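> structure for the following, please:
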Amino acid sequence: MPGKALQGWFSGVWDRVCAKVNRAVVFLDGPSAEVLHWCGGAARLFKAGAVNVKEFSSFECAKADQPKAVFILSSVLKGQAMTVIRDIITASQFQYCVVVCTVNHYTHQTVHGAPESDSREVFDQFEEKMCEWMGNMNYTAGGLYEPVSFAPVCPSLFTTPAYASMFPLTPSDMDSIRQMRIARGEAVGEDSMRIDLSHLSTDLQIWIKMLASNISSLFEGMNIREDCYAVGPFSRLIATELANLNSAKNRRKTAAHKASILFVDRSLDMVGPCGHQTDSLADKVITLLPRLQGHTVDVSINMTSLLSKGAQLYPQLICPGTLSHADSASQALLNSFVTLKQKECLMDVNRHLVDVATQEKLLVSLPTKPGRLGAQQLEGHLKLFREPDSTRVFVQHAGVLQLSMAAVQTLNHPRYPHTEELLSLEKTLLQNAGDQDCPTALHQLTQILQEREESHDRGDKSKRQRCSLEDVLALLVFVYSLLGEEHVGTAEEEGRLRETIIHAILSQENLSPELQSLVGDSTSEDRIRSVIGDVFVKLKGLGRARSGLQQFKSVFTPGSVTQVASYRPLVRQLMEQIFHPDKPDIPDVEHLSSGLTDLLKSGFRMFMSVSKPRPSDHALLVVYVVGGVTCQEVRLIREAVAAAKTDTEVVVGSTRLLKPSDVVHQVLSQNNLFPDLGL
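Sure thing, here's the model as predicted:
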């Protein structure tokens with residue numbers, strides 16, 4: 001099966017890295033550490049002979065009796081990364097240094113302005129620098145490329161943490177690019193949604209090249225020739241870069257297998273990620289539980305309730321539980337979290353707990369009458385593992401227990417009822433959007449925010465807690481992406497909402513981290529007015545994100561006499577068309593040719609009755625969502641593929657897993673035009 005081969009390749013890359021770490025102190029940057037977390041964790045390095053594992057930081061160093069270092073990095077060997085390596089080496093007494101980099105030498109040549117070739121000159125020069133920093137040119141230094149960029153969450157899903165903050169450019173970003181090009185005296189076409197890689201900032205160009213080369217290495221490792229497809233202008237840039245990589249030409253000539261990869265712009269549909277209309281327990285776990293420090297996927301699970309009373313007195317000393325585990329039972333359960341509906345997932349959690357308790361001969365109390373399975377029953381099973389003589393059992397089945405505890409803590413979370421209230425608000429906005437007699441979305445959000453501020457003035461916490469300012473920002477992303485800028489409300493209603501938001505921010509004594517990220521250090525009225533003005537420019541741009549599409553212009557179905565208004569996720573629409581038995585033309589799915597041969601084939605198709613290439617042509621289809629994906633969408637893709645009864649296996653990849661607060665930050669706060677790669 002192609003999917004199993006993919007999982008094997010993810011592990012095989014780390015086998016090659018582990019071959020280098022014997023007797024070494026290993027330094028990892030954040031994205032590399034997160035990938036390792038999903039590929040066996042630090043234990044894998046220690047098993048391979050590593051003497052210590054440390055953070056990649058200028059404040060770290062090795063002991064005098066530790067002469068070997070291995071650096072595992074997800075960035076270019078320039079700028080900040082080079083400075084940190086120098087600081088660590090000069091503060092230590094190394095005689096042997098190896099740098100494992102997820103950026104290949106072709107991309108390094110681009111960064112240094114050198115022509116692309118098979119030469120390792122950039123790595124060779126860096127090896128000489130490391131010898132200089134070690135203080136002896138006769139010491140040993142090595143640099144190699146290994147694409148340890150893929151974090152396998154479960155068999156049908158992987159993420160790429162090094163690109164977690166990458167987000168597609170929206171029409172408002174495209175407008176900015178257009179204005180900058182006009183200011184430079186460049187000739188610009190009428191279609192602002194068609195951009196070339198050369199129009200982007202240097203760091204963004206390099207970032208796209210890094211991602212394309214990593215994905216190319218994935219296909220190279222599996223001996224695959226890929227067909228590249230894209231939906232959206234930003235995905236088109238990545239797919240074009242991948243299709244035209246010079247380093248992949250020889251691989252494509254001799255590859256034994258074929259696959260398709262479909263890049264999809266997240267910005268085309270932000271409704272699902274910033275809403276709460278999910279039936280995925282994994283999405284709720286990711287939304288409600290705190291993220292594991294430094295991670296973009298995994299969460300921190302409080303396990304103290306299953307430990308001794310002494311341990312419960314000092315919870316800060318107890319390592320948190322996580323979702324990632326190496327044993328097969330835990331991996332199967334995590335797969336259920338991602339791919340099943342909440343009710344089915346809770347049943348699987350319960351089954352795992354009962355099986356473990358029965359296997360270990362613990363006294364399981366089963367309900368006499370069948371009923372709705374909830375947190376209380378799961379908690380009852382978990383308490384069996386808190387007994388003093390259950391320590392061995394606890395350790396042996398720690399993965400299943402941690403995942404089960406994640407489910408319980410999510411269902412019992414103080415904000416769980418709040419997510420239900422937000423879901424109710426989203427449903428109201430959705431239904432009213434299809435009725436001309438109902439108030440517009442902007443009018444409703446203004447009322448919600450005004451009620452909140454009035455309750456704040458009266459000291460009434462009930463309505464103030466119902467919908468925070470951060471919630472309103474997420475709801476704005478929700479409605480603009482759902483309806484487009486023309487259908488959310490009038491200019492006057494936008495102005496009133498804008499003033500209400502400004503007043504709400506100014507009236508807050510302490511801003512939340514999300515609002516601080518949006519507003520910045522200054523909280524003057526002029527600064528806040530400027531920021532909120534930019535927010536609505538970005539929202540309007542988001543509302544025009546699908547304007548360049550022909551078939552998938554809408555994700556909203558208005559209500560009628562026979563049916564209620566509904567949201568139609570873009571990924572579901574895509575899969576239904578791709579795997580449609582009649583194989584209709586899909587104009588919004590663009591096939592990017594990889595050379596002259598493909599162009600000639602495309603030309604012949606104009607004169608011959610030959611079907612166009614489709615993403616479903618091969619045994620493996622990788623759907624890579626640029627900007628993040630939700631577990632609900634992963635399940636929808638699986639369900640659409642299963643309904644089509646196709647032999648094609650679909651694996652979903654993305655830059656990260658999303659929760660609503662991520663969406664607000666990516667769309668409204670971060671600068672997607674000018675990412676900082678530390679070069």
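> run through this structure and note the low-pLDDT ranges.
1-4, 190-192, 308-316, 366-371, 387-390, 456-466, 594-610 (pLDDT under 70).
> quick one, strands of it?
Secondary structure of the chain by DSSP state E: the strands cover 25-28, 52-55, 68-73, 96-101, 140-145, 151-154, 157-159, 224-231, 257-265, 556-557, 566-567, 590-592, 620-626, 649-654.
> what about the last one, distance to the chain center?
Centroid separation between strand 649-654 and its chain, computed with C-alpha atoms, centre = their mean, to the nearest Å, is 13 Å.
> and the first one, by the same measure?
Averaging C-alpha coordinates over strand 25-28 and over its chain gives two centres that are 25 Å apart (C-alpha atoms, centre = their mean).
> residues of stretch 468-488 that come out buried?
In terms of neighbour count (16 or more other C-beta atoms under 10 Å), stretch 468-488 has its buried residues at 468-485, 488. Just so you know, the C-beta spots here come from the backbone N, C-alpha and C atoms, and that holds for glycine as well.
> ok, now stretch 129-143?
Buried-residue list, stretch 129-143, by 16+ other C-beta under 10 Å: K129, M130, C131, W133, M134, Y139, T140, A141, G143.
> for stretch 342-355, same thing?
Buried residues in stretch 342-355, defined by neighbour count with 16+ other C-beta under 10 Å: Q342, C345, L346, D348, V349, N350, H352, L353.
> same list, those residues, but as JSON lines with distance to K583 please.
Below are the buried residues of stretch 342-355 laid out as JSON lines (distance: C-beta to C-beta, whole Å):
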{"residue": "Q342", "distance to K583": "35"}
{"residue": "C345", "distance to K583": "34"}
{"residue": "L346", "distance to K583": "39"}
{"residue": "D348", "distance to K583": "36"}
{"residue": "V349", "distance to K583": "40"}
{"residue": "N350", "distance to K583": "42"}
{"residue": "H352", "distance to K583": "41"}
{"residue": "L353", "distance to K583": "45"}
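> beta partners for the closest residue to Y624 other than its chain neighbours?
In space, Y624 comes closest to G653 once its chain neighbours are excluded; the distance is 4.3 Å by C-beta to C-beta, 6 or more residues apart in numbering. The residues paired with G653 through beta bridges, assigned by DSSP bridges, are F158, Y624.
> the residue nearest to H325 when sequence neighbours are not counted: neighbour count?
Of all residues beyond its chain neighbours, the one nearest H325 is G399 (3.3 Å), with distances taken as C-beta to C-beta, 6+ apart. Each residue near G399 was counted by other C-beta atoms under 10 Å, and the total is 22.
> these two touch, right, G399 and L323?
No. Under the criterion of C-beta atoms under 8 Å, G399 lies out of contact with L323, with a separation of 9.0 Å.
> so which of the strands of the chain gets nearest N671?
Taking C-beta to C-beta, strand 620-626 is the member of these nearest to N671, at 16.7 Å.
> the closest one packs against which elements?
Counting contacts by 3 or more C-beta pairs under 8 Å, 6 or more residues apart in numbering; DSSP states H and E, strand 620-626 is packed against helix 2-18, helix 233-243, strand 257-265, helix 570-578, strand 649-654.
> take those and write them to CSV, including mean neighbour count and distance to G374.
As requested, the helices and strands packed on strand 620-626 are exported to CSV (neighbours: other C-beta atoms under 10 Å; distance: least, C-beta to C-beta, whole Å):
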stretch, mean neighbour count, distance to G374
helix 2-18, 16, 33
helix 233-243, 25, 41
strand 257-265, 23, 36
helix 570-578, 22, 29
strand 649-654, 24, 29
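> can I get the ones you listed in CSV with distance to T160?
Supplementary listing: the helices and strands packed on strand 620-626 in CSV, determined by distance: least, C-beta to C-beta, whole Å:
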stretch, distance to T160
helix 2-18, 11
helix 233-243, 12
strand 257-265, 12
helix 570-578, 18
strand 649-654, 7
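> and the helices in the stretch 1-150 of the chain?
Under the criterion DSSP state H, counting those that start in this stretch, the stretch 1-150 of the chain carries helices at the ranges 2-18, 30-37, 42-47, 80-90, 105-111, 121-134.
> tell me the spacing between the closest residue in space to F219 that isn't next to it in sequence and L621.
Counting by C-beta to C-beta, 6+ apart, the nearest residue to F219 once its immediate chain neighbours are dropped is E226, at 5.0 Å. When C-beta to C-beta, to the nearest Å is the yardstick, E226 and L621 sit 10 Å from each other.
> which residues do these two both contact?
Common neighbours of E226 and L621, using C-beta atoms under 8 Å, 6 or more residues apart in numbering, are A259, S260, I261.
> next up, the contacts around the nearest residue to the last one once chain neighbours are set aside.
So the one you mean is I261. Computed as C-beta to C-beta, 6+ apart, the closest residue to I261 that is not its neighbour in sequence is V622, at 4.5 Å. Contacts for V622 were tallied using C-beta under 8 Å, 6+ apart; they are A259, S260, I261, L262, V650, V651, V652, G653.
> please, where are all the helices along the stretch 401-550 of the chain?
Ranges of helices in the stretch 401-550 of the chain, per DSSP H, counting those that start in this stretch, are 416-433, 441-458, 461-466, 469-483, 491-506, 513-519, 525-543.
> same for the fifth one, what does it pack against?
Using 3+ C-beta pairs under 8 Å, 6+ apart as the contact criterion, the neighbours of helix 491-506 among helices and strands are helix 441-458, helix 469-483, helix 525-543.
> closest to L281 out of these?
Closest among those, using C-beta to C-beta: helix 469-483, at 20.3 Å.
> next one: that closest one to chain centre, how far?
Computed by C-alpha atoms, centre = their mean, the chain-centroid distance of helix 469-483 equals 20 Å.
> using CSV, list the CA coordinates for that helix.
Output of helix 469-483 as CSV, limited to C-alpha atoms (Å, rounded to 0.1, in the frame of the first residue of the first chain):
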residue,chain,number,x,y,z
LEU,A,469,-13.6,40.1,21.4
GLU,A,470,-11.4,37.3,20.1
ASP,A,471,-14.5,35.3,19.4
VAL,A,472,-16.0,38.2,17.4
LEU,A,473,-12.8,38.4,15.3
ALA,A,474,-13.0,34.6,14.6
LEU,A,475,-16.7,35.1,13.7
LEU,A,476,-15.7,37.9,11.3
VAL,A,477,-13.3,35.5,9.5
PHE,A,478,-16.1,32.9,9.5
VAL,A,479,-18.7,35.2,7.8
TYR,A,480,-16.4,36.9,5.3
SER,A,481,-15.1,33.5,4.1
LEU,A,482,-18.6,32.0,4.0
LEU,A,483,-20.4,34.8,2.3
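> what is it packed up against?
For helix 469-483, the packing partners by 3+ C-beta pairs under 8 Å, 6+ apart are helix 271-274, helix 416-433, helix 441-458, helix 491-506, helix 513-519, helix 525-543, helix 660-664.
> may I see the ones you listed organised as JSON lines, with mean neighbour count and distance to A230 added?
As requested, these are arranged in JSON lines below (neighbours: other C-beta under 10 Å; distance: least, C-beta to C-beta, whole Å):
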{"stretch": "helix 271-274", "mean neighbour count": "26", "distance to A230": "20"}
{"stretch": "helix 416-433", "mean neighbour count": "17", "distance to A230": "29"}
{"stretch": "helix 441-458", "mean neighbour count": "18", "distance to A230": "30"}
{"stretch": "helix 491-506", "mean neighbour count": "16", "distance to A230": "32"}
{"stretch": "helix 513-519", "mean neighbour count": "17", "distance to A230": "30"}
{"stretch": "helix 525-543", "mean neighbour count": "17", "distance to A230": "19"}
{"stretch": "helix 660-664", "mean neighbour count": "23", "distance to A230": "22"}
